[in-house]
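**Student:** Any chance you can model this:
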Amino acid sequence: MYAIVEIAGQQFKVQKDQKIFVHRLAAEKGEKLTFDRVLLVDNDGKINVGAPAIEGASVTAEVLDHVKGDKVIVFRKKRRKGYKKKNGHRQSFTSITIKDIKA
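**Tutor:** Residues are numbered from 1 along each chain as shown. Prediction:
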């Protein structure tokens, strides 16, 4: 059984006991979250598609930790002008594990 759920503006295909990284959520470590915007549920070949979301369906998850992603280097240069600018960025993520999918 899997579901496609919208979390923090992005769509994820999730299964029970799966660990995923989503954009930073305003939740404490160990807190349980419920996502009501379920777009699709596949229950052993029986597919239920919402328009746009399925009424009454929800996905329950638990927050594991708040982490930072790998560093992304942003380098800008204009040739023959002596202009160089180097920046770095690390995105904040929340690690969650899927506890239950209710259709």
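
**Student:** Is the residue sitting nearest the centre point of the chain bridged to anything, and to what?
**Tutor:** Nearest residue to the geometric centre of the chain (Cα atoms, centre = their mean): Val22, 3.0 Å. Taking DSSP bridges as the rule, Val22 bridges to Thr94.

**Student:** who's in contact with it?
**Tutor:** Applying Cβ atoms under 8 Å, 6 or more residues apart in numbering to Val22 gives the contacts 7-8, 10, 12, 93-94, 96. (Each C-beta comes from the backbone N, C-alpha and C, glycine too.)

**Student:** do you know how far Ala8 is from Asp17?
**Tutor:** 21 Å (Cβ to Cβ, to the nearest Å).

**Student:** So for these two, which sits in the more crowded spot?
**Tutor:** Ala8 (12 against 9; other Cβ atoms under 10 Å).

**Student:** measure Val41 to Gln15 for me?
**Tutor:** According to Cβ to Cβ, Val41 and Gln15 sit 11 Å apart.

**Student:** any shared contact partners between the two?
**Tutor:** The contact lists of Val41 and Gln15 share 1-3, 101, where a contact means Cβ under 8 Å, 6+ apart.

**Student:** Looking at Val41 and Gln15, which is more packed in?
**Tutor:** Ranked by neighbour count (other Cβ under 10 Å), Val41 and Gln15 place Val41 first, with 21 against 12.

**Student:** three-state assignment of that one?
**Tutor:** strand (DSSP: H, G, I helix; E, B strand; the rest coil).

**Student:** looking at it, it is touching Ala103, isn't it?
**Tutor:** Yes - Val41 lies in contact with Ala103 (Cβ atoms under 8 Å); the separation is 4.4 Å.

**Student:** Mind listing the shared neighbours of these two?
**Tutor:** 3, 48, 54, 57.

**Student:** The first one contacts Val41, correct?
**Tutor:** Yes - with the criterion set as Cβ under 8 Å, Ala3 and Val41 qualify as a contacting pair; they are 4.8 Å apart.

**Student:** Find the residues that touch each one of these two.
**Tutor:** Common neighbours of Ala3 and Val41 (Cβ under 8 Å, 6+ apart) are 57, 101, 103.
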